[in-house]
Structure formats: structure tokens, C-alpha cells
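1. Predicted model and sequence follow; I will ask about them next.
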Amino acid sequence: MHVLVLGGTGEARDLAARLVERGDSVVSSLAGRVSAPALPVGEVRTGGFGGVEGLADHLVDRRYDVVVDATHPFAAQITGNAVAACARAGVPLVRLQRPGWTRHPLAGEFTWVDDVESARVAAEGLGVRPFLTTGRQQLDTFAVWDDRYVLARVVDPPDWDVPAGWEVLRARGPYPYAAERDLLESRAVDVLLTKDSGGALTEAKLGAAHDLGVPVVVVRRPPVPDGVRVVETVGEAVRAMEVTGARGPSGRSTRNQPDGRRPRVRFER
Ligand code: NAP
């Protein structure tokens, strides 16, 4: 099958590796936000498509059999675009999204909020030495904390001048338990803020915070649009692709075209 993987996550890289190994024709797409990203095996394209229309055009022009949206659970814009573009281009879509921490054994202890701004408000009632692991993109939500020590961990540096009292760590997971515990203790962190990214690579901080009595504020995930086939593992994604992708954009098998070519899809702009 000819597969477009919308990536930028570890699962997307794992999926690309699995598909290349199977002999599928895979193109992984990255947004191009992160400097020196970890690259998947196989072909890689970088940069936005130009909204729904750009992505739909791309799908038709490149004749993909199936799209797997394996972007981060908080990358809501591209996920919404993928839903609309796939519907428009008639290409099947599978959403691969790692399980969230709503099912984590400690989930009942966390303070759950709907967005990063609400996380800031909630944290103000819980501690005064916060550890921000909510990512670089909305770090400026916390700029009002310019009178205190703040520990923030990001992959790429913020593109604005953070307050003088902040400590910004640049790091990429995985983050093991012992190191997370040391970090929380050495900085005397008294509240941890995170998104519900899920997954094992960044999970240890939750246990470390629990063991040190540090409260945790978690930003809930944006919902996946209705009607999308959602799977949680690479294996499930491959199986779902086989079912949906083999039907091809037109609903007919792409493997049994009389002339061996994939059907050309047309749609109104
Ligand atoms: P977003 O807000 O959902 O998307 C914004 C725009 O970026 C999209 O409309 C699209 O531009 C472009 N884009 C996003 N992902 C793309 C991809 N895989 N390939 C091509 N274009 C893409 O995205 P985001 O939250 O900034 O995330 C960007 C990337 O970082 C994603 O690949 C995601 O998996 C990864 N990531 C995000 C987070 C997070 O917390 N949000 C964390 C870790 C990794 P056009 O409209 O021009 O097509």
C-alpha cells in the first residue's frame, strides 16, 4: 500500500519502520517545527500542506491508499485537517493515538483541567515552585510568573525571553524515574504541570511526583473528531490500515485494478 503517515511522534516512527519492513511504500510527514528531529526510516517530507485544501490536493496527487494520522494527541489542527482532507479526497484515515493517562493508576489524584491557561490557575492554588512540562508552544501562558522560580523543560528553546528567575532545561525523553525524582527534589518542585501526552517515555514523572507528595495538574486531550477510526498501538494501526486501505479511495480494491494502477480520484474544489 502507498501510505502517508502524519508524524512527529515515536509511534509514527515505529509505524514507518514496520511498514517499510513489510514492503509498503511509506511517506512520513513532519511539521518542521523541531530542530534536528528524530527521523523515521523511509521517505520523509517536511512542512505544512497548506490547510485542508493543500492536504486534500496532496492526497489526490500522490494517490495514497490510506493516511495514518500518528501526530501528537495535542496536535488538534492537523488532526482536524486530516479528517476533512481525507473525506474530501476519498482516502481512508486511521488515527493512531497512544493511550492517555486517564487510565493511569494515579489518575484519580491528578487535578484535570481543559487547557493550559486553566492549568496555570489550578497550579497557583497548589504550589509556588512549579515544574512546567506542558511544552514550548504555550509556555508564554506562564509569563505572569515572573516573580518566582519556575522550572520548565522543552525540546527547543523558547523564542521569547523567559523571566530571569526561570530555569529552562532542554531535553528529549525518555526520562527515567530516578532522574525525574532527583530533578523534582533538587529543585524543590512543589507542583508539576503536564499535558495528557500519555505513553511510557514521559510517564515516570507522575510516579516520582506521587512518591514525593508533589501535586500534578494534567491538561486533558482535545477530543478526536467524531467518526474517525482510532487505534492505540502500531499493530492495531497496521491491521486497521489493511482493512480500510485495501478498499482504496474509491471503495474498490486497489490491488486488483485490471491495469495494475490505483484509481484516480476526482473531487470538486
Ligand atoms: P497543529 O497545531 O495540530 O498543526 C498546525 C499546522 O502545522 C497544521 O495545520 C499543518 O500545517 C502543520 N502540521 C502539523 N503537523 C504536521 C505534520 N505531521 N506534517 C505536516 N504538517 C503538519 O500541530 P502542532 O501541535 O504544532 O504539532 C506539530 C508537530 O509536532 C506534529 O507533527 C506533532 O505530532 C508534533 N508534536 C506536537 C506536540 C504537541 O504538544 N502539540 C508534541 C510533540 C510532537 P498546514 O495547515 O499548512 O498543513
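-> Right, received. Where do you want to start?
2. residues from the stretch 1-150 of the chain in reach of the ligand?
-> 6-9, 29-31, 33, 48-51, 54-55, 71-72, 74-78, 81, 135 (Cβ under 6 Å from any ligand atom). The way it works is simple: take the backbone N, C-alpha and C, and place the C-beta from them, glycine included.
3. And the residues you listed, which of them are buried?
-> Buried members of those, counted by 16 or more other Cβ atoms under 10 Å: 6-9, 29-31, 49, 55, 71-72, 74-75, 78, 81, 135.
4. How about the residue positioned nearest the centre of the chain, nearest residue that isn't a chain neighbour?
-> In the chain, the centroid-proximal residue (Cα atoms, centre = their mean) is residue 72; its distance is 0.6 Å. Nearest in space to residue 72, with sequence neighbours left out and distances taken as Cβ to Cβ, 6 or more residues apart in numbering, is residue 9 at 5.4 Å.
5. Just confirm that neighbour contacts residue 69, I think it does.
-> No - between residue 9 and residue 69 there is no contact, the gap being 10.2 Å when judged by Cβ atoms under 8 Å.
6. could you pull out the helices for this protein?
-> Secondary structure of the chain by DSSP state H: the helices cover 10-22, 51-62, 76-89, 116-124, 177-186, 204-212, 234-245.
7. Nearest to residue 38, out of the ones you listed?
-> helix 10-22 (6.4 Å; Cβ to Cβ).
8. and the residue lying closest to residue 173 once chain neighbours are set aside, how far is that from residue 155?
-> What sits nearest to residue 173 in space, not counting adjacent residues and going by Cβ to Cβ, 6+ apart, is residue 201, at 4.0 Å. Distance of residue 201 to residue 155, given as Cβ to Cβ, to the nearest Å: 12 Å.
9. Show me this structure divided up by domain.
-> 2-99+222-244, 101-219 (automatic domain parsing).
10. can you list those in JSON lines and add mean pLDDT?
-> As requested, the domains of the chain are exported to JSON lines (pLDDT from 0 to 100):
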{"stretch": "domain 2-99+222-244", "mean pLDDT": "96"}
{"stretch": "domain 101-219", "mean pLDDT": "97"}
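11. okay, these, which one's buried deepest?
-> domain 2-99+222-244 (a mean of 19; mean count of other Cβ atoms under 10 Å).
12. Now do that one: distance to the chain's middle.
-> Domain 2-99+222-244 sits 11 Å away from the centroid of its parent chain (Cα atoms, centre = their mean, to the nearest Å).
13. Ends of that domain, what's the gap?
-> 13 Å (Cα to Cα, to the nearest Å).
14. And for stretch 226-241?
-> First-to-last residue span, stretch 226-241, Cα to Cα: 18 Å.
15. so what's residue 58 up against?
-> 4, 49 (Cβ atoms under 8 Å, 6 or more residues apart in numbering).
16. Put the alpha carbons of stretch 99-119 into CSV.
-> Extracted in CSV, the C-alpha atoms of stretch 99-119 (Å, rounded to 0.1, in the frame of the first residue of the first chain):
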residue,chain,number,x,y,z
PRO,A,99,-3.3,5.7,25.4
GLY,A,100,-3.7,8.7,27.7
TRP,A,101,-3.2,8.9,31.4
THR,A,102,-6.9,9.0,32.2
ARG,A,103,-6.3,5.3,32.8
HIS,A,104,-3.1,5.7,34.8
PRO,A,105,-3.3,4.2,38.3
LEU,A,106,-2.7,7.6,39.8
ALA,A,107,-5.2,9.4,37.6
GLY,A,108,-7.7,9.9,40.4
GLU,A,109,-5.1,12.0,42.3
PHE,A,110,-4.4,14.5,39.4
THR,A,111,-6.1,17.8,39.0
TRP,A,112,-7.6,17.6,35.5
VAL,A,113,-8.1,20.8,33.5
ASP,A,114,-9.2,21.6,30.0
ASP,A,115,-6.4,23.9,28.8
VAL,A,116,-3.0,25.3,29.6
GLU,A,117,-4.4,28.5,31.0
SER,A,118,-6.6,26.6,33.4
ALA,A,119,-3.5,24.5,34.4
